[in-house]
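[1] Structure for this input, please:
(one chain, ligands or ions: 2)
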Amino acid sequence: MNIILLGPPGAGKGTQANRLVEHHGMRQLSTGDMLRAAVKAQTPIGVQAKAIMERGELVSDAIVSALIDAELLAMGDAVGAIFDGYPRTAAQADSLDEILSRHDRHLHHVIELSVNEDALVDRITGRFTCATCGEGYHDRYKQPKVAGTCDKCGGAEFKRRPDDNEHTVRTRMAEYRAKTAPILPGYEARGIVHRVDGMAPIDDVTSAIEKVLASG
Ligand code: AP5
Ligand code: ZN
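    Numbering: from 1, shown residues only. Ligands and ions are numbered 1, 2, ... in the order given. Next comes the predicted model:
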């Protein structure tokens with residue numbers, strides 16, 4: 001099964017994708033994670049993307065579509081894909097259709113996490129992740145069970161993203177409204193969009209997504 005998780009920054013795409021990976025052995029394809037890895041490794045793409053990401057603007061369509069194409073190529077045909085943070089523009093949505101058909105894959109569901117934008121600023125500016133395994137946490141909503149120790153891997157180092165400040169978050173949201181939200185009607189016309197309340201507790205959001213997956 002191949003699905004898109006769609007929603008503004010902080011909607012919970014990464015959080016839910018991690019759970020689907022654990023429960024269903026699907027693969028998370030996050031262009032944000034791929035770009036952050038490229039920035040860290042200082043590859044030519046990373047060097048180009050760094051300042052754009054720090055401003056909260058979108059990296060070029062050609063770059064992110066090439067990253068997705070390469071990841072799908074490297075993955076087994078039987079493994080389902082969760083597209084997290086991709087596509088984000090009409091051009092990327094077109095590229096995804098072309099890439100999927102080349103890889104003999106079909107898009108089953110687009111899950112839209114609907115959220116209240118003001119609450120998202122609070123979610124994003126409070127979040128941090130385990131530096132070892134990437135597990136996500138939040139200053140108020142999801143602290144490690146033992147302070148300073150990752151629940152998942154026992155790691156003791158945590159990190160925050162450089163683009164998780166209020167100013168950049170507002171730019172990221174504006175980009176979402178202007179460029180990403182307009183791709184939804186195209187998927188709605190295909191009858192594959194499922195709107196899930198992203199403001200519900202994390203477990204409830206997971207249950208709602210599980211229901212969609214169980215529908216086939
Ligand atoms: P990207 O990494 O994709 O960031 P984003 O879309 O801004 O999304 P986030 O990762 O911020 O949020 P999320 O929805 O995954 O939320 P999360 O689960 O972490 O992109 C970063 C940048 O890379 C872009 O700005 C752009 O420059 C570039 N880029 C990436 N892809 C691109 C593309 N395709 N084209 C062009 N440029 C691209 O949750 C947030 C927090 O809330 C966490 O702390 C979590 O614990 C908490 N939380 C989650 N769900 C709930 C809940 N239900 N209740 C309470 N708390 C919750
Ligand atoms: Zn960890």
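[2] now stretch 180-197: mean pLDDT?
    Mean pLDDT, computed over stretch 180-197, is 97.
[3] So what touches it?
    By C-beta atoms under 8 Å, 6 or more residues apart in numbering, the residues outside stretch 180-197 that reach it are 4, 6, 8, 87-90, 92-93, 107-114, 204-205, 208-209, 212. In short, each C-beta sits where N, CA and C put it, glycine included.
[4] can you rerun that using 7 Å?
    Stretch 180-197 has contacts (C-beta atoms under 7 Å, 6 or more residues apart in numbering) with 6, 87-90, 93, 107-114, 205, 208-209, 212.
[5] Could you tell me which of those residues belong to helices?
    Of the contacts of stretch 180-197, the ones assigned to helices by DSSP state H are 90, 93, 205, 208-209, 212.
[6] rewinding a little: I'd like to know which of the contacts of stretch 180-197 are buried.
    With neighbours counted by 16 or more other C-beta atoms under 10 Å, these contain buried members at 6, 87-89, 93, 107-113, 205, 208-209, 212.
[7] filter those by proximity to ligand 2?
    When the buried ones among the contacts of stretch 180-197 are filtered against ligand 2 using C-beta under 5 Å from the ion, no residues are retained.
[8] Nearest to residue 68 among the ones in helices among the contacts of stretch 180-197?
    Set against residue 68, the nearest of these by C-beta to C-beta is residue 93 (11.7 Å).
[9] and the residue at minimal distance from the centre of the chain, what are its bridge partners?
    Nearest residue to the geometric centre of the chain (C-alpha atoms, centre = their mean): residue 84, 3.1 Å. On the basis of DSSP bridges, residue 84 is bridged to residue 5, residue 30.
[10] how about the strands of this protein, start to end?
    Here the chain has its strands, by DSSP state E, at 2-6, 27-30, 81-84, 109-114, 127-130, 136-138, 158-159, 193-197.
[11] Which of these has the lowest mean pLDDT?
    For these, mean pLDDT drops lowest on strand 136-138, to a mean of 91.
[12] For that strand, which helices and strands make contact with it?
    strand 127-130 (3 or more C-beta pairs under 7 Å, 6 or more residues apart in numbering; DSSP states H and E).
[13] next one: the strand it packs on to chain centre, how far?
    For strand 127-130, the separation from the chain centroid amounts to 15 Å (computed by C-alpha atoms, centre = their mean, to the nearest Å).
[14] want to throw the strands of the chain into JSON lines with distance to residue 64?
    As requested, the strands of the chain are arranged in JSON lines below (distance: least, C-beta to C-beta, whole Å):
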{"stretch": "strand 2-6", "distance to residue 64": "14"}
{"stretch": "strand 27-30", "distance to residue 64": "10"}
{"stretch": "strand 81-84", "distance to residue 64": "11"}
{"stretch": "strand 109-114", "distance to residue 64": "17"}
{"stretch": "strand 127-130", "distance to residue 64": "21"}
{"stretch": "strand 136-138", "distance to residue 64": "21"}
{"stretch": "strand 158-159", "distance to residue 64": "23"}
{"stretch": "strand 193-197", "distance to residue 64": "21"}
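[15] Of the ones you listed, give the one that comes closest to residue 168.
    Nearest of the strands of the chain (C-beta to C-beta): strand 127-130, 13.3 Å.
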